[in-house]
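Novice: Sequence below, structure please.
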Amino acid sequence: MLSVIIPTHNRLLELKKCIESIFQAENSDKIELIIVNDGSKDRTDAYIKGLHQKHNQIKYLEQSNKGPAVARNNGVKHTRGDIIAFTDDDCTVSKEWLTNIIKAHKTHKNTLVIGGYTESASKKDSGFITQFLTNQAIKNEKGRILYFPTNNVSFKKKLFDKFKFNEDFPYAGGEDLEFGWRLYKNNVKSLLDKNIQVTHHINPSIESFNKRNELYGKGNLLVKKLHPEHPTLSNIHLDAFKLSTIKSYLETPLFGFAMLKRLNDKEKLSFTDKIRFFHYLCLHKRYYTKGIVKEFNDTKIEKPKFLIIDSTHKCNLRCKMCDIVLDNKKDLSIEEVKSLIKQGTKWSVKNIVMSGGENFIRKDIFEILEYAKKQNIELGVLTNGIISKVFFEKLKPYLINNNLSLIISLDGKKETHETLRGKGTYKKTIKTFERLRILKKEYPQINYNSISIILNNNLEELEWLVKILKNFNVNSIQFQPLLANNLTMHERKENSMWIPNERLELLDKNINILKKLKQKNPKLISNSEEELELVKKYFRKQLTKKYVGCYAASKTMLVSNDGNITACKTAYGNINTPIENVWRSKKAEKARKLVAACDEPCLLPCFVEVK
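Specialist: A predicted model of the protein is given here:
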């Protein structure tokens with residue numbers, strides 16, 4: 001079977017034409033069509049749901065606006081075909097497109113990647129130049145294929161067992177170039193079949209043209225950082241960036257003339273066309289370079305991967321290993337939480353998470369979830385899992401639509417869990433996992449995870465935790481060593497939850513078991529094997545900055561319930577200031593240096609990375 005994937009974002013009119021062309025093509029009855037709605041705010045959702053009733057071949061996926069790389073990976077996960085083809089929502093396919101893809105893959109059984117020929121719908125406007133430059137970049141000077149634009153390419157599905165699109169690319173620009181280069185470096189066999197034809201209906205406005213080229217520049221700089229050796233990007237010099245950028249601007253007319261000559265050799269342009277296209281080529285170079293400069297400046301200090309909002313310190317439990325209790329400390333207001341979510345979304349922070357106490361006891365939690373839904377994001381919420389049946393029913397729509405993901409605490413078997421968290425908590429948390437497991441059978445896209453504290457009380461139960469949580473079909477399991485919770489090393493040593501010296505061999509044994517389980521279930525246990533190994537050093541008080549780096553103000557932005565933005569015990573700003581400004585402030589830079597010097601690090605995955 002052939003599976004066709006179309007990512008789409010706010011282009012309903014173009015998408016309709018794309019889908020119509022696919023169903024008018026030969027062999028359209030032999031495919032499945034997967035449409036991934038990447039957070040569209042137009043009427044795409046209603047249209048596709050209506051279309052789905054007429055065509056049972058359509059599979060419809062929704063996600064928050066995370067970019068085409070995430071959308072394509074999401075689509076691949078839901079395919080049934082052994083061949084996967086991609087096109088874009090602003091393209092129409094030829095009548096023979098499906099037939100020729102199937103034929104090409106049957107003929108070339110050992111070729112994993114087959115690209116086609118894409119032409120612009122018009123030969124007079126700026127879109128023609130965009131497509132011309134794109135086609136020029138497909139092959140190197142020796143004629144070897146470097147990449148295929150994802151509006152007209154197909155793959156054997158088994159390729160995706162090893163390769164995925166890089167989800168760190170948040171927009172349409174560079175993600176296909178980066179993906180293609182990884183395939184090239186791994187000697188993945190590919191070919192170009194010009195019988196596989198697509199027409200690209202590119203927005204011809206100058207505003208769209210300039211924005212598009214700026215995004216290409218931003219994306220290509222990200223590719224350059226990941227792959228400095230990429231031949232297409234040899235004119236970008238990160239070590240002499242300012243000088244090379246000035247040179248690039250000055251060479252704009254030369255670029256225009258060189259590309260115009262190539263175009264004229266192919267198309268035999270009129271004098272008027274030459275003037276117009278030279279102007280477009282120079283505009284392309286100017287805004288492409290502008291995008292490179294903008295991305296370079298933005299990534300001098302990269303934006304955080306996590307925005308953690310400790311919205312409350314109120315909790316319905318009194319867990320023995322936690323220093324957050326039911327108190328009268330200030331909660332962040334609903335307006336403050338909404339503002340943080342809005343700022344994080346606009347800033348394209350990948351993970352926005354509500355933490356602190358128990359957020360589900362906030363009276364306005366559903367107003368917050370509804371706001372997250374309007375922002376088209378997936379909001380992570382840490383919870384103890386004490387969720388009633390009625391409350392769970394109210395959460396279901398947000399889980400199903402991927403506006404909510406859960407991180408639920410489970411620390412061991414009934415006696416262990418209740419010793420730590422209180423009588424009756426185990427049964428209630430297990431019931432929540434069971435409800436989620438049942439819901440996931442019908443809605444496999446829902447996202448719920450677990451976190452388990454490693455401490456003296458549950459050493460013998462770590463393997464059991466993996467097995468039971470796997471049975472509950474969680475997306476991932478995170479193991480977290482007992483935190484210091486403001487105790488000194490001496491006090492930790494005396495604490496009954498801290499693992500004593502006489503039980504360190506047992507710790508080692510169970511960590512080794514977890515590492516073996518990680519090898520068998522690489523995606524289930526989110527800790528790396530290196531991180532698990534470092535747990536041994538942590539409880540021996542041998543973990544130092546030699547082994548891990550703390551990125552509390554570099555990888556993660558933590559907003560406390562009093563509105564301060566903190567890194568460990570250091571506040572470097574407040575939400576009264578736009579959080580992006582706080583992130584780039586001198587105080588933030590000082591905080592980064594301070595946490596980098598910490599010689600008693602924790603192993604919190606959202607703060608530290610193994611060196």
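Novice: so Lys139 touches Tyr147, yeah?
Specialist: No. Under the contact definition of C-beta atoms under 8 Å, Lys139 does not touch Tyr147, with a separation of 9.4 Å. All C-beta spots, glycine's among them, are computed from the backbone N, C-alpha and C.
Novice: Of the two, which one has the most company?
Specialist: Each of Lys139 and Tyr147 had its neighbours counted (other C-beta atoms under 10 Å), and the higher figure belongs to Tyr147 (24 against 13).
Novice: Kindly report the domain assignment for the protein.
Specialist: If you go by the TED database, the domain ranges for the chain are 1-202, 205-300, 306-342+350-531.
Novice: Using JSON lines, lay out these together with distance to Leu543 and mean pLDDT.
Specialist: Written out in JSON lines, the entries for the domains of the chain read as follows (distance: least, C-beta to C-beta, whole Å; pLDDT from 0 to 100):
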{"stretch": "domain 1-202", "distance to Leu543": "28", "mean pLDDT": "94"}
{"stretch": "domain 205-300", "distance to Leu543": "30", "mean pLDDT": "92"}
{"stretch": "domain 306-342+350-531", "distance to Leu543": "9", "mean pLDDT": "91"}
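Novice: Need the ones you listed in JSON lines (columns: distance to Phe539).
Specialist: Output for the domains of the chain, formatted as JSON lines (distance: least, C-beta to C-beta, whole Å):
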{"stretch": "domain 1-202", "distance to Phe539": "33"}
{"stretch": "domain 205-300", "distance to Phe539": "36"}
{"stretch": "domain 306-342+350-531", "distance to Phe539": "5"}
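Novice: And the closest residue in space to Gly412 that isn't next to it in sequence, how far from Lys590?
Specialist: Beyond its immediate neighbours in the sequence, the residue positioned closest to Gly412 (C-beta to C-beta, 6 or more residues apart in numbering) is Asn458, lying 3.8 Å away. As for Asn458, its distance to Lys590 is 38 Å (criterion: C-beta to C-beta, to the nearest Å).
Novice: the more surrounded of these two?
Specialist: Set Asn458 next to Lys590 and count neighbours by other C-beta under 10 Å: Asn458 wins out with 22 against 14.
Novice: Spit out the contact partners of the residue most central in space within the chain.
Specialist: By C-alpha atoms, centre = their mean, the chain has its centre lying nearest to Glu167, at 4.5 Å. Glu167 makes contacts with 66-67, 69-70, 73, as judged by C-beta atoms under 8 Å, 6 or more residues apart in numbering.
Novice: just Asn564 next, same as before
Specialist: For Asn564, the contacting residues are 571, 573-574, taking C-beta under 8 Å, 6+ apart as the criterion.
Novice: any idea which of these has the most stuff around it?
Specialist: Neighbour count (other C-beta under 10 Å) singles out Gly573 as the most crowded of the contacts of Asn564, with 22 neighbours.
Novice: In terms of secondary structure, what does the host helix or strand of that residue contact?
Specialist: Using DSSP states H and E, the secondary-structure element containing Gly573 is strand 570-574. Helices and strands touching strand 570-574, as assessed by 3 or more C-beta pairs under 8 Å, 6 or more residues apart in numbering; DSSP states H and E, comprise strand 564-567, helix 579-583, helix 586-596.
Novice: Out of the ones you listed, which gets nearest to Ile386?
Specialist: Distances from Ile386 to each of the helices and strands packed on strand 570-574 were compared using C-beta to C-beta; the minimum, 27.1 Å, belongs to strand 564-567.
Novice: Okay, now the sheet partners of the closest one, with direction.
Specialist: Partner strands for strand 564-567, per DSSP bridges, with pairing direction: strand 556-559 (antiparallel), strand 570-574 (antiparallel).
Novice: what mean pLDDT does the longest one have?
Specialist: The reference is to strand 570-574. Model confidence over strand 570-574, given as mean pLDDT, is 92.
Novice: Give me the contacts around it.
Specialist: 553, 560, 563-566, 579, 582-583, 585, 587-588, 590-591, 594-595.
Novice: Among the residues you listed, which one lies nearest to Asp45?
Specialist: Comparing the contacts of strand 570-574 against Asp45 with C-beta to C-beta picks out Ile579 as the nearest, at 29.9 Å.
Novice: Could you identify the helix or strand that succeeds the longest strand seen in the chain?
Specialist: For the chain, the strand with the greatest residue count under DSSP state E is strand 190-200. Remark: after strand 190-200, the chain's next helix or strand is helix 206-226, criterion DSSP H and E.
Novice: still on that earlier bit, could you export the strands paired with strand 564-567 to a markdown table, including columns for distance to Lys59?
Specialist: Converted to a markdown table, the strands paired with strand 564-567 look like this (distance: least, C-beta to C-beta, whole Å):
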| stretch | distance to Lys59 |
| --- | --- |
| strand 556-559 | 35 |
| strand 570-574 | 44 |
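Novice: Out of the ones you listed, the one nearest Phe23 is which?
Specialist: Distances from Phe23 to each of the strands paired with strand 564-567 were compared using C-beta to C-beta; the minimum, 46.0 Å, belongs to strand 556-559.
Novice: pLDDT (mean, whole number) over the closest one?
Specialist: Model confidence over strand 556-559, given as mean pLDDT, is 94.
Novice: What residues sit buried inside it?
Specialist: Taking 16 or more other C-beta atoms under 10 Å as the neighbour-count basis, strand 556-559 is seen to contain the buried residues 556-559.
Novice: Kindly present those as JSON lines, with separate columns for distance to Thr79.
Specialist: Written out in JSON lines, the entries for these read as follows (distance: C-beta to C-beta, whole Å):
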{"residue": "Thr556", "distance to Thr79": "34"}
{"residue": "Met557", "distance to Thr79": "36"}
{"residue": "Leu558", "distance to Thr79": "38"}
{"residue": "Val559", "distance to Thr79": "39"}
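Novice: which one among those gets closest to Ala372?
Specialist: When the buried residues of strand 556-559 are compared for distance to Ala372 (C-beta to C-beta), Val559 comes out closest, at 15.7 Å.
Novice: who does the closest one bridge with?
Specialist: According to DSSP bridges, the partner residues bridging Val559 are Ile309, Ile565.
Novice: give the contact list for it.
Specialist: Under the criterion of C-beta under 8 Å, 6+ apart, the contact partners of Val559 comprise 307-310, 332, 340, 565-566, 575, 579.
Novice: Kindly report the same for Lys124.
Specialist: Residues counted as contacts of Lys124 (C-beta under 8 Å, 6+ apart) are 273, 276.
Novice: does it count as helix, strand or coil?
Specialist: Of the three states, Lys124 takes coil under DSSP: H, G, I helix; E, B strand; the rest coil.
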